[in-house]
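> structure of the sequence below:
(2 chains)
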Amino acid sequence: MAAYYVTTPIYYVNDAPHIGHAYTTTAGDVLTRWHRQRGESVWYQTGVDEHGTKVQRAAEAAGVSPQEWCDRLVSQAWIPVLDTIDAANDGFIRTTQEQHRLGVQRFWEVVRDNGYVYQADYEGPYCVGCEEFKLPGDVVTTDDGTIMCPVHDRPVEMLSEANWFFRLSAFTEALISHYENDPSAIEPVSAHNEVMSFLRQGLRDISMSRSSVTWGIGLPWDEKQVTYVWFDALLNYITAIGYGTEPGSEQAMEFERIWPADVHLVGKDILRFHAVYWPAMLMAAGLALPRKVFAHGWLLVGGEKMSKTRLTGIAPEFIVDHFGSDAFRYYFMRAINFGHDGSFSWEDMNARYTSELANGLGNLASRGTAMVERYRNGVLPAAGPPTDAETHLQTLLLSTVERCDERMLALDFAEGIAAIREYVEAVNLYVTEQQPWALAKDDAQAERLNSVLYTIIESLRAICVLYFPVMPKAMAALWQSLGAHAALGEIADQRIQSTAQWGQMPAGTVVSKGENLFPRLADADVQS
RNA sequence: GGCGGAGUAGCUCAGCCAGGUAGAGCAAGCGGCUCAUAAUCGCUGUGUCGCCGGUUCAAGUCCGGCCUCCGCUACCA
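Numbers count the residues shown, from 1 in each chain, chains lettered A, B, ... in the order given. Predicted coordinates for the structure are as follows:
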């Protein structure tokens, strides 16, 4: 069975993860968990990028080898953050792995054999003090026109070195027509437009190797050069799933099964690498193109892009320690329109947690299960004949699941969640209107009370399944509390497609109240 | 400069593609209820829809111009 293949970018290991990284990973995790819940085969891939000058320099500054530096950050920060946000990734790749190195080298040999790699001189401003080529943004021009290196405060020299170039220019027309034929291959539309206007300027060949850098993957045909870090990093999407392994091997067959990617999730700052360079590379190697590159927005703190220098780089555990991983996942998927920039503030998160999770969903679970315990000794009764109130909820559930599924598949997490939230509100309203506490006082209303209690629990059953991809821990707990595990099996085995089918909870199921799903939290004395 | 996005209630945002009496949630106030996590349900107010002009019976929505913020504009993880 072909796999629904989703990737995050591989994160650059020159620093510890912040909530911007966690945001991307969370989105991919919700998306892939949703597809699993639909019964699809899924591969969710993430990882880290360890090569390049910046890592090399960070390691030197810390007085360790680049590999030691990476090993430490990866094991102490990048792997643990997956657990912090409760990500269920299938793969985690490090670009220093042998498997990746071999795949990258194999790839570029193929591309070279296909005639898309050639040798030429790269010329640019070079600072002897830095011992490296400077980029236009890294140099300053003095009043008399001298180009200076700001690090060493001395003039740069124009130097040239032999590099290997990728014939990117050969793919301008192919990329334009590809995206014209399938505009949804880049989303949202603003990202598509940006790429198209870039492509229409025409593409220039690009240097794909460096002789001045040592921390990277050597070119198989030129040991003095390493692969430029982007042309190493992008390949993780195929090397991670078996590209370049022995034909006919199990890994090679996995690659055939999983590739192409269904969605590459990227921050909008790295859109061009994914929507231009990467597909061109794949064409050059004769491989299929990803079905979609989705560029999401940035998290804004105090109206500005999060940045370390402004001390707005927030560690995921800072939030998760207080609110929990489920609330973290819920908040970022619900409060921010995926594809747009979104504001984060502690106050907003706290307000939504209290109102939507504690008072809304958590309290509904609490009152529903508590009443079955209180009025029926914790045993779910069979429902009597439905009235309009019950029929309405059943019908609403049908449209809720349909709408939610449609929006989640379109990566519109906020609307998908909104559909579920509105259903939760409808059930809360139903409880208030039916007044089961009043029915309980009148023995003649026993069957009616049975119907109401059953309707609440059966609704919670559906809510539980729909919210499981977003909030796995809390919904697994609720599933237990409903007694659904004993009656219906694992929550992970419930299918979205049959969630709206009414009457799945068997009468006689033992329901227990359990701990509060989202306890009200004392205000933490923290600044946003 | 060019291209693109954004500017709507105190806050966060939807609505704009297919014009028809300004929306949601939160926050605030009042009321109902008491199963529940001081929770839930109902009611209530507020807006020069960035500015100017045009098209139209009718413009937040379409057209032109302008202002502000942001992004992209070739090898800066």
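> what about A:Pro183, how many neighbours?
Neighbours of A:Pro183 under the rule other CB atoms under 10 Å: 12. Where you see a C-beta, it was placed from the backbone N, CA and C, and this is true even at glycine.
> wait, it touches A:His192, no?
Yes - look at A:Pro183 against A:His192 with CB atoms under 8 Å: they come within range, at 5.6 Å.
> tell me which element A:Asn163 falls in.
Using DSSP states H and E, A:Asn163 sits within strand A:157-166.
> may I have that strand exported as CSV, CA atoms only?
Below are the C-alpha coordinates for strand A:157-166, written out as CSV (Å, rounded to 0.1, in the frame of the first residue of the first chain):
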residue,chain,number,x,y,z
GLU,A,157,39.6,40.5,-2.2
MET,A,158,37.9,39.2,-5.3
LEU,A,159,38.9,35.6,-5.6
SER,A,160,37.7,32.7,-7.6
GLU,A,161,37.7,29.0,-7.1
ALA,A,162,36.7,26.0,-9.1
ASN,A,163,33.2,24.7,-8.1
TRP,A,164,30.8,22.2,-9.4
PHE,A,165,27.6,23.8,-10.8
PHE,A,166,24.1,22.4,-11.0
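> which elements pack onto it?
Secondary-structure packing of strand A:157-166 (3 or more CB pairs under 8 Å, 6 or more residues apart in numbering; DSSP states H and E): strand A:117-127, strand A:206-207, strand A:209-210, strand A:222-227, helix A:278-285.
> so which of these is the most packed in?
With neighbours defined by mean count of other CB atoms under 10 Å, none of the helices and strands packed on strand A:157-166 is more surrounded on average than strand A:209-210, at a mean of 26.
> so how far is that strand from its chain's centroid?
In terms of CA atoms, centre = their mean, to the nearest Å, the centre of strand A:209-210 is set 31 Å apart from its chain centre.
> what's the distance between A:His264 and A:Phe92?
16 Å (CB to CB, to the nearest Å).
> which of those two has more residues huddled nearby?
Set A:His264 next to A:Phe92 and count neighbours by other CB under 10 Å: A:His264 wins out with 27 against 18.
> ok, the more buried one - contacts?
Neighbouring residues of A:His264 by CB atoms under 8 Å, 6 or more residues apart in numbering: A:7, A:9, A:237, A:274, A:278, A:290, A:292-294.
> now with 10 Å?
A:5-9, A:28, A:45, A:186, A:234, A:237, A:270-271, A:274-275, A:278, A:290-295 (CB atoms under 10 Å, 6 or more residues apart in numbering).
> for A:Gln480, grab the count of nearby residues.
The tally of other residues near A:Gln480 (other CB under 10 Å) stands at 15.
> and A:Gly302, what pLDDT?
Per-residue pLDDT puts A:Gly302 at 69.
> same deal with A:Glu123?
Listed pLDDT for A:Glu123 reads 77.
> which residues does it form beta bridges with?
Counting by DSSP bridges, A:Glu123 is bridged to A:Ser160.
> ok, it to RNA strand B distance?
8 Å (CB to the nearest atom of the strand, to the nearest Å).
> if I look at that residue, how far off is A:Glu161?
8 Å.
> mind listing the shared neighbours of the two?
Listed as contacting both A:Glu123 and A:Glu161 by CB under 10 Å, 6+ apart are A:Phe133.
> so in that sheet, which strands flank the helix or strand where A:Tyr11 lies, and in what orientation?
Taking DSSP H and E as the criterion, A:Tyr11 maps to strand A:4-12. Using DSSP bridges, the strands paired with strand A:4-12 are strand A:42-49 (parallel), strand A:263-267 (parallel).
> what about the helix or strand following the longest one, near RNA strand B?
What it means is strand A:42-49. Using DSSP H and E, the helix or strand that follows strand A:42-49 in sequence is helix A:53-62. Yes - applying CB under 7 Å from any atom of the strand, one finds helix A:53-62 in contact with RNA strand B at A:53-54.
> buried sites along helix A:53-62?
Across helix A:53-62, burial judged by 16 or more other CB atoms under 10 Å covers A:53, A:55-56, A:58-59.
> got the contact list for the residue of the stretch 251-400 of chain A found nearest RNA strand B?
For the stretch 251-400 of chain A and RNA strand B, the shortest gap (CB to the nearest atom of the strand) falls at A:Gly362, measuring 1.6 Å. Counting by CB under 10 Å, 6+ apart, A:Gly362 touches A:353-354, A:356, A:474, A:478, A:516-520.
> repeat that with 8 Å
By CB under 8 Å, 6+ apart, the contact list for A:Gly362 reads A:516-519.
> run through the residues you listed and flag the ones next to RNA strand B.
Restricting those to those within reach of RNA strand B (CB under 7 Å from any atom of the strand) leaves A:516-519.
> export those to TSV and tack on neighbour count and pLDDT?
Below are the ones next to RNA strand B among the contacts of A:Gly362 laid out as TSV (neighbours: other CB atoms under 10 Å; pLDDT from 0 to 100):
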residue	neighbour count	pLDDT
A:Asn516	14	95
A:Leu517	22	96
A:Phe518	24	96
A:Pro519	11	94
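> report the two of those separated the most.
Farthest pair in these (CB to CB) is A:Leu517 and A:Pro519. Separation: 8.1 Å.
> could you list the domains of chain A?
The record's domain split for chain A, according to automatic domain parsing, is A:4-323, A:347-498.
> what does the stretch 101-250 of chain A put close to RNA strand B?
Contact residues, the stretch 101-250 of chain A versus RNA strand B (CB under 7 Å from any atom of the strand): A:122, A:124, A:135-138, A:168-169, A:189-190, A:193-194, A:197-198, A:201-204, A:206-207, A:228-230, A:232-234.
> any idea which helix or strand in chain A has the lowest mean pLDDT?
Ranking every helix and strand in chain A by mean pLDDT, DSSP states H and E puts strand A:140-141 at the bottom, with a mean of 64.
> give me the element A:Thr369 is part of.
helix A:363-376.
> show me what the helix or strand following that helix is packed up against.
Once helix A:363-376 ends, the next helix or strand along the chain (criterion: DSSP H and E) is helix A:388-409. The helices and strands touching helix A:388-409, judged by 3+ CB pairs under 8 Å, 6+ apart, are helix A:19-37, helix A:413-434, helix A:446-467.
> and A:Gly489, which of these is closest to it?
Comparing the helices and strands packed on helix A:388-409 by CB to CB, helix A:446-467 comes nearest, at 11.7 Å.
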